[in-house]
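Asks: Pasted the sequence and its predicted model underneath.
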Amino acid sequence: MTEITEEMKELAPAVKRFVLHWGDMGNQWGVNRSVAQIHALLFLSERPLPAEEIAETLGIARSNVSNSLKELIVWQLIRRVPVAGDRRDHFEAVGDIWEMVTRIVAVRKARELDPALDVLRACLEEAREDSRVSTTARERLTEMHDFVDSLNGWYSQIAKLPRASVEPLIKLGSKAVDLLSPFLKKS
């Protein structure tokens, strides 16, 4: 658990709560708690922060902050920015929520969905050639492959759309089904 430092105590309660909660959420999503907390702190910060200040505020070892910053840079969720009169590296988060979510989804897809699809493809090929694989197993592998492939195709189509097209679609929610019902198959 992150130690509550004096600097952390000085944060507004809502900011402190968000940073701690984002760390817990990150941990549940398979992201290191420190990485998520640093991201949350930078996301809510009104100015770029140097690594030393991040470490002091969050009570995290400086080496852990360095490694976490590198990971956040790989995810393209933060960037290094120069600050006039200060030779240290400073960091700021991508402030646009759409851009942030788009980048997170793209990385998660590349790390999780793409490899799953590759494995499913390989398993299906092996299953088709192996008489010991039951019909049920083959059918379920096929269903899973087709589902993951559909998700992958859907993501690829949505990712190409401009934000101005996606935002109303998301806000439409289940009403989209009502609008499309004449074109949907009845099950």
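Replies: That came through fine.
Asks: from memory residue 79 sits against residue 89, does it?
Replies: No. Applying C-beta atoms under 8 Å as the test, residue 79 and residue 89 come out as separate, 10.4 Å apart. The way it works is simple: take the backbone N, C-alpha and C, and place the C-beta from them, glycine included.
Asks: Who's the closest spatial neighbour of residue 172, skipping the chain neighbours?
Replies: In space, and not counting its chain neighbours, residue 172 is closest to residue 179: 7.5 Å by C-beta to C-beta, 6 or more residues apart in numbering.
Asks: so how far is the helix or strand where the one you found lies from its chain's centroid?
Replies: Element membership for residue 179, per DSSP states H and E: helix 175-180. Distance, stretch centre to chain centre, for helix 175-180: 28 Å (C-alpha atoms, centre = their mean, to the nearest Å).
Asks: now do stretch 36-49
Replies: For stretch 36-49, the distance to the chain centre is 16 Å (C-alpha atoms, centre = their mean).
Asks: So for that stretch, what gets flagged as buried?
Replies: Of the residues in stretch 36-49, 36-45, 48-49 count as buried by neighbour count, 16 or more other C-beta atoms under 10 Å.
Asks: Which residues outside stretch 104-122 are in contact with it?
Replies: With C-beta atoms under 8 Å, 6 or more residues apart in numbering as the test, stretch 104-122 has contacts from 75-77, 141, 144-145, 148-149, 151-152, 155, 159.
Asks: Out of those residues, which end up buried?
Replies: Applying 16+ other C-beta under 10 Å to the contacts of stretch 104-122 flags 75, 77, 141, 145, 148 as buried.
Asks: With pLDDT as added columns, please give the residues you listed in CSV.
Replies: Below are these laid out as CSV (pLDDT from 0 to 100):
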residue, pLDDT
75, 94
77, 97
141, 97
145, 97
148, 95
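Asks: from those residues, which two are the most distant?
Replies: Pairwise distances across the buried ones among the contacts of stretch 104-122 (C-beta to C-beta) peak at 34.8 Å, for the pair 77 and 141.
Asks: longest strand of the chain?
Replies: Longest strand of the chain, by residue count under DSSP state E: strand 86-93.
Asks: Need the residues that contact it.
Replies: Among residues not part of strand 86-93, those counted as contacts by C-beta under 8 Å, 6+ apart are 39, 42-43, 45, 47-52, 54, 69, 72, 77-83, 100.
Asks: Those in strands, which ones?
Replies: Per DSSP E, those map to strands at 49-50, 78-83.
Asks: Which of those residues are buried? Put it as a PyMOL command.
Replies: The following PyMOL line selects those of these that are buried, judged by 16+ other C-beta under 10 Å:
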select buried, resi 49+50+78
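Asks: which regions of this structure sit below the pLDDT cut-off?
Replies: Applying pLDDT under 70 to the chain flags residues 1-7, 186-187.
Asks: Please state the backbone phi and psi of the residue lying farthest from the centre of it?
Replies: What lies farthest from the middle of the chain is residue 131; by C-alpha atoms, centre = their mean that is 40.2 Å. Main-chain torsions, residue 131, degrees, to the nearest 10: phi -70, psi -20.
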